[in-house]
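Asks: the sequence and its predicted three-dimensional model are supplied below.
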Amino acid sequence: MEYYLKNREDIARFVNDEILTSTEAIKVLDITRQRLSQLVKNGQLVPLKKEGGVSLFLRSDVEKKKKELEELRKKFGPYNK
């Protein structure tokens, strides 16, 4: 995916729309903070930047992981039987 950011407004829009904090990623994925840490540690979800306790994620990466997790929940979820 390519992004064309021509001015400050484009950059601000991109950051607001396409970059997620850990807290936002947790909400999108419907997982716990511990599970997010596990996904990052195992390399299953790679932050764009990690500084101290703050991690930033690309929305498309989080959405892709969400689809993967939903498929796994359908396949292996104990509540689906």
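Replies: Looks like it arrived, so ask away.

Asks: C-alpha from now on. contacts and neighbour counts both.
Replies: Fine.

Asks: longest strand of the chain, counting residues only.
Replies: As far as residue count goes, and with DSSP state E defining each element, the longest strand of the chain is strand 54-58.

Asks: direction included, what does that strand pair up with?
Replies: Using DSSP bridges, the strands paired with strand 54-58 are strand 19-21 (antiparallel), strand 49-51 (antiparallel).

Asks: list of residues touching the first one?
Replies: Here strand 19-21 makes contact (Cα atoms under 8 Å, 6 or more residues apart in numbering) with 54-59.

Asks: what sits against the residue nearest the centre of the chain?
Replies: Most central in the chain under Cα atoms, centre = their mean is Val62, positioned 2.8 Å from the mean C-alpha point. Contact criterion Cα under 8 Å, 6+ apart gives 25, 28-29, 45 as the residues in contact with Val62.

Asks: go again with 10 Å.
Replies: Contact analysis of Val62 by Cα atoms under 10 Å, 6 or more residues apart in numbering lists 19-20, 24-26, 28-29, 45-47, 68.
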